[in-house]
Structure formats: C-alpha cells, structure tokens
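Engineer: I need the structure of the sequence given here:
(chains A and B)
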Amino acid sequence: MGTKDFVKNNLAYKKNQFLRKCSALSVVFIYLFIGLPVWYHLTKVDQYELEPLMKKEKLRTPYLFKENVEIDEFLDEISVTLPVNLNLTNTYYKFPDLIQSTQKELTEMLERYKNEYKFNNLNLNIDLKEAGNKTAEHFYQNKEYLVQLEHTDHMGNSISLYEKLEIIVQYNDESVYSNYLPTLIANSIVNHFFFDKIEVGNEFDRYLTLENKLGNLKYKPTIKLAFNLIVNKNILAGWDLNSPSTSSVIQNLFAPFTKMFEGIYKFKVETNILYNEDLKLETWSGEGDDIEELQSQLDVSRLIDNELGDPFQEKLLNFVVVLPENKHLVSDADEIKFLSYNLPEWGSVFVYRDLISSLGSDLDSIYLSDDLLEPIFYQFLKQIFPNLAGSDNGEEDEKITLTITNFMVKATLNNIFRANKNIRAVYDMLHSLPVVTDESLNEMIPEELQPYLENFMNKFFPSLSIPQKIHDQLVEVITRRDYLLKKLAGNENVSSKFAEYLHESFALYKLSDETFFDHEMVMGNYKSLKHIIAVYLPLLGPVCSIAVGGAIHLLKAPKKDPLLKSKKQE
Amino acid sequence: MRGSFLFSVLAFLLCLFSYFDFSSAVANLVTNVENLRSSSNFEESLELKILPTDYLLSSFNFKLQSDAFDFNSSRNLIIDSFSYRNHNGFSKKIEPLLNSANVKNLFLKFARGHWDYSKWGKTPKNGWSSAGSGVEIWALIEANNKSDAIDNWGILVSQLSGMFCSSVNFINAEKITFPHNVSSYMDGKINVKALPKLQDGNSYFLLRGSLANEPICTENLSPILRFLPTNGKVGLSSLLDGHKIFDSYWSYMSIDLSTICDDFSMCHYDMEIDIHFVVNIQKSLARNRRPSPRATPVEELQCDTSKKFTEWECFPLPTKKEYSFLISDIFGSTINDRSRLNLVRNSKIKVLGIDNEYWNTAVKIGEEMFATDNHEYELNEQQPCQYDIYIFTNDNSKLDTRLIESNKPPLYVSRTLTGNSQDKGGIRVIFTNPSKTQDAIIKYYETLPWFMRVYVSSLKISSSDISLSNEDLESLINDKYVSLSDIRGKPLHLEYTITVPKSSTLTIHFDVEKPLLNYEEYPPDSNHGFEIESALVVVLDRFYPNKNYFIRTPTLLLSLATPDFSMPYNVITITSTLMAFCFGLIFNLLTKRIVSVEDSKHLITEKPLIRIVKKIKKKFKS
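Structural biologist: Residues are numbered from 1 along each chain as shown, chains lettered A, B, ... in the order given. Modelled structure (predicted):
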C-alpha cells in the first residue's frame, strides 16, 4: 500500500468515523432533549412541594407538631379580646378616668387569675369601652356586654344574664372616696361575665366559662329537627304540629327558641307520622319507669329514614312521640302519661303509657293536640338546648343569653382547632406515608432497627409531593386562620361580630376538611416518581444502554484507522 | 322592637318552665277526629287473575300522595326563622332522592323470571308494568344540558343502589340512552302540563337505562314496604312475603314517582307501587301439604280418563281439575285487618279470569264466608279481623274466554344472537303479528353496548309473506333514528318505527362485530359472557296513545373472545425485546463500521499478554 493510498484511506476512515459519531450523538441528543422531556411530560403528576410551607408552620405553631396535641395547648397560644361597655352617662359622680383605671384593674386581674388557676389556658383580654350615648336597648338587642353604675348606700351588683348581658354595679360614696370602684367593677365583670366557681374543689377557684366543654363542640350551621309521631296501630293519626301556623307549640315555644339562635343556626323542620311501627316496644315486658330498661329495648334505628342530607353541615335532632300498644306500660290515672328518654346528640323519645285500644274498639283515628304536646315539647327543647349551646345541663336556666354568646366564641375556637388538626393530619400523612407504604418491608426488619429505617425513609423521601390545588387550599386555610386569630385578638371586636367569626371559622374548617380528604391528593400521593420509574424503566433500560454504550464506544474510538495501522505494521 | 319581642318570648318561656310540671300533664288523646286527613292519600288494591294451566297472577297496587308544598319557596313552608315541611305518612326518603338529582319523574322497575306470552297473554298494565329481566329505570331530569343530565343520573343511581339491594349504580353513561320519540313511551305516564316550571336555561331530559339479569333479592321488597304507611303489617301488604314473591315463576316490582304541580306552583308527589308475581297454584298447595317430595296419596289421585283407566291402572292428570284453596295457602298468611289509614276508600280485592259456572270465590272474615257475583270484595269490617279469599273450581280449564281473547298480545317478539364466530355474529329480531285484520305499527327501541359493534347498514329485512318485494319490505320501516355508540362512551341506540303486516312474520337482522376489550374491562367471570339488556318494543295504538302496549324481549348473553389473562406481561416482555432488538439493529447500522472478513482479522486485537510474548519471540528471532 502506497503512502498516498494510506492517507486517502485514513481520510475516508476519519470521515466515516465522524459521521458515525454524529449519528450516535444525534440519537443520544434526540433521546435526551426530545425523548426525556416528552416522557416526563406524559407521565408526570402535577406536584408541589409542601415542605417549605410546613416548616414555616412548624416554627410558628409548634404545638401543632407535638404528639396528640390537646385543646389546652392550643388555647395557650390563642388570645381573644372581648368588648365590655361601661355606661358612664347620668352617673351620680363624674368619673373622668374610670375607664382607664378599671381597664388596668381588669388586665391585672386576668393575669392574676391565669397565673393562679393554671387550668385556664386561653389568653383572655377584656376591652373596656365607654357606652357613650347609645341606649341600653341597643346593647340588649346586639347582645353586648353592658355594665351600668348605680349610686346606692351599699356596694354590690345585680346581674341579668338570662335575656341580656348586663351587670348593674351598685356603689356608695365610700367606694368612690377610697377609689375602690374600679376594683369593684373589674371584679363584677370578671367573675360574672367570664369566670365561674368550680363546683367541686376550692370555693375560691375560678374557671373560664369560655373554656367549658370547648373541646366537645362540633358546630354545624344547620339544625334539622325531625318531629316523628310513631303509632303502632292501624288507625289514622294526626297532631297539631302538622299545622305550624296555628299550633301554639310551634308559635309560642319553638319559634322563640329558634329566635334565640338567630345568626348561629338555620333550623329545618320535618314532621312525619309513621304507622304500624312499634320500635320493639310492643313485646316489652320491662318495668314502666325504668329508663335503662327502656333504653335497652327501644330500637330507634328503625326511625333512621335514610335522609340524604349533608352530614357535614347538618345536625339531626329527633323529637319522637311513640304510641305503642303495651299493657305493661299502662299507668294509673294520677301517674305521668309519658315516659321520656333522652339520647344525647340524637334527641328525645316520649313513650305514651296508655293503651290506645282501650279508647274504644271502633277507633278510626286519634289526634294529639297542643295541650298534650306542650309539656313534652318544652322538655325536648330544654334537653336539646345544652346540645345546641354547648353548655352543661341546668346552666341555661339562668344565663341563656350569656350561654349563647359564649357558645359563639367557643364554637369559633373549636372550628379553628379542628382546622388545625386537619393541617396537622396533612403533615402527618405526607411525612409518615413513605414509611407506611413500605410496611411490608417493616415486617421483615427487626423491631429495634425500625427507627433507623424510619429515619432512612424520611431522609430519603422527606415528604411526599402534593398537587398544586391542595397546596393552594392549604395556604388559604392557614392564611384565613391567621387572619381570624388576629381579628379575635384585636381590639376592634364587638359582640355582634362573633356570629360572623363563627361562620368564617366553619368555612375555614370545611375547607381544611376538603383539603385533607381531597380525592386527587390521596391518589396523587401514590403516583409518585417511584411509580413512574418503576413502570417505564424496564422499557428504557435496553434502549438506553445501547444508545449510551454505543456513543461512548465511538467517542473512545482511535483517531487513526486501526485497520490501516495493522496493515501498515504488517 | 326585636329586643322587646325576644324578651316577651323568653319571659313566656320562663313562665312555661315554672308552669309546666311534666308529671302534671293530664290531657289525653282526642279520638275519632272527623276532619283528619288520610295518611298520604293511601290506596291499595289486589287483583288475583287465574291464568291458564293453574297459574295465579297476583297484582298488588298501592297509591300514595304527598302533602302539597310550594315548589318555589325552596320546597318548604318558611315560617320566620325556620323552614317547615310536613310529610304526613309519605316517606321522607323520596323528596331528597328526587331533589338531589333534580328528577321530576322516576320509573323504577325490577323484574325476574319468564312471562309466557303465548299462554298468559299480555303482561299486566299493558306491559308498562313490566321490564326485561333485571332492572330498568326511566327518569325525567331537569338539567342545563345533556352532560349535566348524565351527572344527575349518576347521583340518582348511586342513591338508588344504596336504597335497594341491586347494583343500579352500574347503569352509567355507557348504558343510558335519551329516548328520541318520547311521546310513544310516555303518553299517559308523564303529565307534561303538571310539571314544575323550569329554571332559566334548563330543559327536561328523559333518560332510560337498564341492567340485564340483575339478581333481585328479597331485600328489595323491604324498602318498598317501608314506603307504605301500612308497613307490610296490616291491610293487603300483610300478604307480601319476600320468599313467596321471589320463589315465583315471574315477579315484577315497580315504583312510579311523579311530581305534579298546579298553576300556582303548589306541587305534590304521586307514588304508585305495583307488585306482580305468578305462581303455580297446585304446586304451591302441594308444597304446603308435602314440603318434601312424596307420591300423591290414593285419595287425592285424579286419573286421566282419556287414557287407560281401570281399577288398578291410573294415568294421573298433570294437574287436578277440581280443587279449592285459600289465598293464605299461597301467600303464607292472611290479610291482617283492613287499612284504616284512608277513610275515603277501602282496600279492594278482585278475582279475575274465571268462568262463573265453574269457579266460586268468597271472602272469609273470621270464620264466616261471604260471596259476591262479580268476585269483588271490599275490606270494610269495623272491628279488627283477619281476611282471606277462598277460591274453588270444579274444572280448572274453564276460564274467562272473553278475557283471554281480549288479552292476547298484539305482537310476539323474539330476539336472538346468530353466528358462532368469536369476532363476528349477528342479531336477529323476529316480529310476529297474529292479527288477521290489522297491521301493527311498532316502535323498536334497541340499546346495545358499545362493545357490540352493530353495522346498521347491514340491516336485512325478510318476511313470511313472500309476495313482498325488497322495496316493499324496506318501506315497512317508516322512521329510523340511530345514535351510534361511542367506544367506552355511550351505547348504540336505535329507534325504528316499523309496520308489521297482518298475519305475518317480519325478521330483521344486523351484522355484529365482537371486539377484544381492554384487559381490565373483562369481568372476573368473563367466560360467562356479557349480559345484554332487553330491547323494548311498543305497539302503537292509533286512537289512544296512552294505551300503547309495551313488550320487552328476553335478555341476551353475548360471548366475547376472552384473552389469555397473562397476555399483558407477555406483551410487555415481547415489546421491550422487539424495541431493543430493532433499535439495536438500526443503531448498529448507523454507527458500526462494515469491513470484510479478511480485514477484520487485522482488527482483532490480541490480549496484552500474548502481544508481549509475540514481541519477545520476534526479538529473539531477529
């Protein structure tokens, strides 16, 4: 082979080599810059990192991230400011600095109470305002706290918390001269509006009424009342509740009752008459007065009418009058006509004790008039009041308006607490799910090594990703919650705003619930990157290895033609 | 003002609290009130029809009506701070069921078993009260567009499936159709003038869907009985026993719900419940007498005298000619009292289809029996008592021929699948008009699932009347409406108006392609086949459209080619291998150098050790 041929062949080799490299690199190029983006686009799930948001939240509300957070810990970090109006017009003396000095007394007293009685957790502030020229009627109507001053020859106070929120502080000259009046007013406000004695324990101990039963509240904006008449007899029945416009029970008892909860609840009433239904009482041989026996016998599940309401928004309460045919229940003439049985959170059942059949064999129909219904309906309303107002039994007798006003604040706080729980639940789900998902793996690993596995998993998969929509909702929940908390703590509250806060807090809780239970989120978690890789890698592997391997091989190829070289050597 | 009102009210409450001592309530019930309204205007009736060859068709009918309510004021009576709604014995389940899906009329039908058209004649209520074996639903839905209507349908069926023991939620967009010629099906069923006023931009959509051969269990009777104020305990409903109904030859239950409004938007709901079932009288009685199969005792043996009959030889008749029974023997219980929940109309029982000369009936009240000429009985005893119906015949073959004649179906239909191939086949429908005087004009309503790909253009028509030319035959189809199926979207929907000439048989045939479905679309028992719902055929009455006669064909069982279910894994493996192979080949062609075999020897690189040994050897040699 001559030198000329060698050069020519080598040039051809180089040209060939260049083309081969180009084609290999173009395949790799297409693979990397077209194939991979297309593959990613086709398979990706819309995801958004929650980690930064949760980290921020963890710093701001650390109690959320403790194990089994209780409502006390939550309340510890919450401040609520409640306005109290002091009427200084037409007073015997003029008090230019009474507001300021009483405010100071109030602040000190609240602080002392909080330190002294450790079980009170909420940071309560009382914002004392001058009533100005507004009439007392105005405050009664708006259910606002009002303190009136009355000059007498003694010191004391008179309280009206049933139909309004008013304390009349009686003072004498001595209290003014000794500058005891601010303490007297502050004492009256704190001890009668906001704190109460503890029934069991030290008689000086005081608890904050706003915290009473706060954790047990489950506010729902609509109350559905089912009034059912149950007749276990083949006769036509009726009652005055079928004519609401003329029924005295509805007009004189029920309508005022619903007025008390105006702005808090919407009431929906449904009445029905169920025939030939005995609720298992027909065969009952138990003692007539034994409520426990009645409870074990009564089958109220038969009343569940499969109503297709919204259980998230609606609370169902039942008023049931049962007319069974059971001779064991028959009472003497002077005994009570109805056995009453209250099911907490469900409603009341009133069982008629006389036999309908004893009224005559030609009986075609019976009718329950208002006279018969009024006492039992009143008892029903009394029984459901604590349920609706989140109070203890008996509390409502003296302090209906105060109980309802307190309820608005309590329910608002409870809604925020429940929304917090949902935020925490989202956090828990995202952080513990990788470990939960690999539970099968957990079983294979000794128990003592499992914490290491958990750490490893959390490190490797710090959190699962969530769809953008959920992220936005979560941000909204947190923003709205913080805004509401700010308003609760602010000094511009008036009592009438608390109904508004209540509905806002419920909307917030609802949104948090929707966020946690979002279908897309639950499904989205499982379509993680792992899933995509697992599905597509087997297909990509062989193709990928050939392309990459081939390209590397070509790039490493010698610059001179090895064939020519070996021929030349020969 | 508001405050003072509240105070007076609260003060009243306080007074009440102090006044009412619960134990002091001495008021009593008021009895026999004259102006008390009937409970949901409840009415009930029972028809017992003796069918040829000892079959008994029991037809229960219950009618209910809700109290009137104002449709415009959120469907409730608003009083100040609360809303108020009376139901007065009408089930509370109905209103939320209809409202949640914006349904105005709902027709729900459950059917099971076989109806023998040739012997028993028309199905009850002119066929409207019937369904192909399985579940059938018609719903009139108010919606903005078709898509909304389908969404509402989804809400409706998911609620119905929770209410009843059947999988009606499977009747989804893939199975529902929008009837084209609504009046042919709904004349007399939906009162258009009485429908509530539409909201802005909305329209009414009629939807129909069915589920073939859905098992109907006893649990479907319980919710229906719960709708009745008698609760299945008194009146005619006390006869109803799920085991007896579902142990019958043919059973059918339907609920028709309608919203009826007047010009002032005052509306009420009408509910009509029909329960029909067919039992064999003699077999039911025999089962009562002898729960386990045993030979008929001699004294009960009735011999066929037309065959050899001696003192020692007897060919037993297939059924007895003479027998008597009480309906409690068939139903398992007597009627417990009359329904007293309607003071206007008493419960009625009627025995039909019998020849008065050979049959007797009576009502048994307590221990006494009372008979009437027309075999109609009203339950009206003032005192509570047990009722029963006694039926006697001395020749069971003597039935009311006039009724049998008038009850003959105007058309017979049969529908079958043809062809044995796994990928192709056909569907053949045969219409037989037995009338010698009248042509029958029918609506043929076919719904076929998307995976049964029918070639509509392959329609072939033939007739038993050979004098008809092809043009004549084609002209028999007067009107065609075809809505083609969408794959995994909606079914094929055909509505043809066909004239079936008198005394003739008309056959139509379509070619069908059977595709392979996606892996996950096969049910667990895919080799069983796919149930295809019945076709609906409506014989149109020229003069009285509300008397149109409805026929449902039997359901079909379509067998599709089923794949080897390990196939997806094989496919993945083979595809991956093929892709790697093809790609590797092309890649090699593009990037590798082609040299001759001789040249390739030069390119063989030797192992480094051999190369060193060779070099050393070379040096030694030199």
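Engineer: in the stretch 1-150 of chain A, what spans have low per-residue confidence?
Structural biologist: Applying pLDDT under 70 to the stretch 1-150 of chain A flags residues A:1-4, A:6-7, A:41-49.
Engineer: other SSEs contacting the longest strand anywhere in chain B?
Structural biologist: Criterion DSSP state E: the longest strand present in chain B is strand B:266-280. Counting contacts by 3 or more Cβ pairs under 8 Å, 6 or more residues apart in numbering or on different chains; DSSP states H and E, strand B:266-280 is packed against strand B:55-65, strand B:69-70, helix B:94-100, helix B:221-227, helix B:242-246, strand B:250-261. Any C-beta I mention is one placed from the backbone N, CA and C, and that applies to glycine too.
Engineer: closest to A:V322 out of the ones you listed?
Structural biologist: helix B:221-227 (17.5 Å; Cβ to Cβ).
Engineer: buried residues in the longest strand of chain B?
Structural biologist: B:267-280 (16 or more other Cβ atoms under 10 Å in any protein chain shown).
Engineer: returning to what we had before: could you dump the helices and strands packed on strand B:266-280 to TSV with mean neighbour count and distance to B:T497?
Structural biologist: Formatted as TSV, these follow (neighbours: other Cβ atoms under 10 Å in any protein chain shown; distance: least, Cβ to Cβ, whole Å):
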stretch	mean neighbour count	distance to B:T497
strand B:55-65	21	31
strand B:69-70	18	40
helix B:94-100	18	32
helix B:221-227	19	35
helix B:242-246	18	36
strand B:250-261	22	26
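Engineer: Please report phi then psi for A:L32.
Structural biologist: With angles defined as degrees, to the nearest 10, A:L32 shows backbone torsions of phi -80, psi -40.
Engineer: typo on my end, it should be B:K350
Structural biologist: Dihedral angles for B:K350 - degrees, to the nearest 10 - are phi -130, psi 140.
Engineer: thinking again about what came up before, and of the helices and strands packed on strand B:266-280, who's closest to chain A?
Structural biologist: Taking Cβ to the nearest Cβ, helix B:94-100 is the member of these nearest to chain A, at 3.7 Å.
Engineer: count of neighbours near A:A499?
Structural biologist: 17 (other Cβ atoms under 10 Å in any protein chain shown).
Engineer: So it versus A:K259, what's the distance?
Structural biologist: Between A:A499 and A:K259 the computed distance is 14 Å (Cβ to Cβ, to the nearest Å).
Engineer: ditto for B:I477
Structural biologist: In terms of Cβ to Cβ, B:I477 sits 69 Å off from A:K259.
Engineer: coming back round to it: partners of the longest strand of chain B, with directions?
Structural biologist: strand B:55-65 (antiparallel), strand B:69-70 (antiparallel), strand B:250-261 (antiparallel) (DSSP bridges).
Engineer: hang on, the earlier thing: tell me the one among the buried residues of strand B:266-280 nearest to chain A.
Structural biologist: Using Cβ to the nearest Cβ, the buried residues of strand B:266-280 come closest to chain A at B:Y269, 13.8 Å.
Engineer: Just the helices from the stretch 51-200 of chain A, written as ranges.
Structural biologist: Per DSSP state H, counting those that start in this stretch, the stretch 51-200 of chain A carries helices over the ranges A:51-60, A:71-76, A:98-116, A:136-141, A:173-177, A:181-188.
Engineer: To clarify, my last question referred to the stretch 301-450 of chain B.
Structural biologist: B:327-331, B:401-406.
Engineer: So which of those helices is nearest chain A?
Structural biologist: Using Cβ to the nearest Cβ, the helices of the stretch 301-450 of chain B put helix B:327-331 closest to chain A, at 18.1 Å.
Engineer: which parts of that closest one are buried?
Structural biologist: Neighbour count says helix B:327-331 has B:327-331 buried, by 16+ other Cβ under 10 Å.
Engineer: How about the secondary structure of A:P37?
Structural biologist: The assignment at A:P37 comes out as helix when based on DSSP: H, G, I helix; E, B strand; the rest coil.
Engineer: of all of the stretch 451-600 of chain B, which residue lies closest to chain A?
Structural biologist: B:A580 (3.5 Å).
Engineer: To what extent is that residue buried, counted in neighbours?
Structural biologist: 17.
Engineer: and what of A:V475?
Structural biologist: 12.
Engineer: Let me know whether it touches A:P52 as I believe.
Structural biologist: No - at 10.9 Å, A:V475 does not count as touching A:P52 under the criterion of Cβ atoms under 8 Å.
Engineer: State the distance from the closest residue to B:I391 other than its chain neighbours to A:L484.
Structural biologist: Closest residue to B:I391 apart from its sequence neighbours, by Cβ to Cβ, 6 or more residues apart in numbering or on different chains: B:T361 at 5.2 Å. The spacing between B:T361 and A:L484, counted by Cβ to Cβ, is 76 Å.
Engineer: who has more neighbours, those two?
Structural biologist: Using other Cβ under 10 Å as the criterion, B:T361 and A:L484 rank with B:T361 on top: 25 against 20.
Engineer: ok, back up a step: look up phi and psi at the residue of the stretch 451-600 of chain B closest to chain A.
Structural biologist: Dihedral angles of B:A580 (phi, psi; degrees, to the nearest 10) stand at phi -60, psi -40.
Engineer: Just give me the longest helix of chain A.
Structural biologist: helix A:400-437 (DSSP state H).
Engineer: Helix A:51-60 and that one, what's the angle between them?
Structural biologist: Interaxial angle, helix A:400-437 versus helix A:51-60 (axes from the mean of the first three to the mean of the last three Cα atoms, to 10 degrees): 130 degrees.
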